[in-house]
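Asks: okay, sequence plus prediction incoming.
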Amino acid sequence: MGNRIQESGYRGQGRQSTALPALAVLLLLFAAWGLLPSAHYVKAAPAGATNVQPRPVGVVTDSPAITISTATATTSATPTTSAHEAQIQWTFGAVSGTYASCTVQAKTSYDGTNYLTLGAPASVTVTSGAVNAWTLIEQLGTGSVTTSAVSSTAALGFGQATEFAFSCTSYGTAAPVTVAVIYR
């Protein structure tokens with residue numbers, strides 16, 4: 001009878017010794033899982049928007065394509081459905097000829113076809129190496145809901161796509177430019 005008590009005691013100690021390390025490993029796994037960084041969710045750009053680079057926290061950077069060889073040119077459009085602000089930079093390369101009284105006008109579209117002006121045109125300097133930077137910020141209501149005037153030509157906020165129209169009163173032969181836009 002004494003042997004049976006010792007044997008049952010021995011078996012009980014064996015069970016406890018395998019349960020404790022398993023419990024410790026399980027606790028370590030939970031602790032390690034808690035230290036992993038959380039993922040940020042970013043909306044994907046629509047098909048065909050190869051120049052758009054999504055960033056965390058609702059930020060989209062874009063380099064819309066444009067070729068300036070005459071007095072007017074328009075960039076490719078960028079998806080801007082959730083944008084409320086744009087930081088724009090146009091950096092000119094080796095400009096050929098003289099460009100005078102040049103502006104860039106932001107235009108936005110709610111249907112992907114018809115574009116309305118967004119803000120006032122920005123005056124830009126078109127010379128070799130010139131860097132032009134500006135910001136567009138949507139208007140915010142003051143205290144309550146604000147209704148804008150109905151317009152077929154102007155918008156107060158970003159639509160589903162935004163582009164930039166470049167124009168000058170006189171122009172040279174080529175103005176290579178790199179456009180960088182950050183939408184928030």
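Replies: Perfect, I can see it now. Residues are numbered from 1 along each chain as shown.
Asks: lowest average confidence, helix or strand, in this protein?
Replies: strand 52-55 (a mean of 55; mean pLDDT, DSSP states H and E).
Asks: all strands of the chain, in order?
Replies: Secondary structure of the chain (DSSP state E): strands located at 52-55, 59-62, 72-74, 78-79, 85-92, 102-109, 115-118, 122-124, 131-137, 154-155, 161-167, 177-183.
Asks: can you give the strand pairings for the second one, parallel or anti for each?
Replies: Strands adjacent to strand 59-62 in the sheet, as given by DSSP bridges, are strand 52-55 (antiparallel), strand 177-183 (antiparallel).
Asks: that one: which residues count as buried?
Replies: Of the residues in strand 59-62, those with enough neighbours to count as buried (16 or more other CB atoms under 10 Å) are 60, 62. (Glycine included, C-beta is placed from N, CA and C.)
Asks: and what of the fifth one?
Replies: By 16+ other CB under 10 Å, the buried positions in strand 85-92 come out as 86, 88, 90, 92.
Asks: could you dump the strands of the chain into JSON lines with distance to residue 23 added?
Replies: Converted to JSON lines, the strands of the chain look like this (distance: least, CB to CB, whole Å):
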{"stretch": "strand 52-55", "distance to residue 23": "42"}
{"stretch": "strand 59-62", "distance to residue 23": "44"}
{"stretch": "strand 72-74", "distance to residue 23": "66"}
{"stretch": "strand 78-79", "distance to residue 23": "51"}
{"stretch": "strand 85-92", "distance to residue 23": "51"}
{"stretch": "strand 102-109", "distance to residue 23": "59"}
{"stretch": "strand 115-118", "distance to residue 23": "61"}
{"stretch": "strand 122-124", "distance to residue 23": "65"}
{"stretch": "strand 131-137", "distance to residue 23": "55"}
{"stretch": "strand 154-155", "distance to residue 23": "61"}
{"stretch": "strand 161-167", "distance to residue 23": "56"}
{"stretch": "strand 177-183", "distance to residue 23": "50"}
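Asks: give me whichever of these is most buried.
Replies: Per-residue neighbour counts averaged over each of those give the maximum for strand 78-79, namely a mean of 24 (mean count of other CB atoms under 10 Å).
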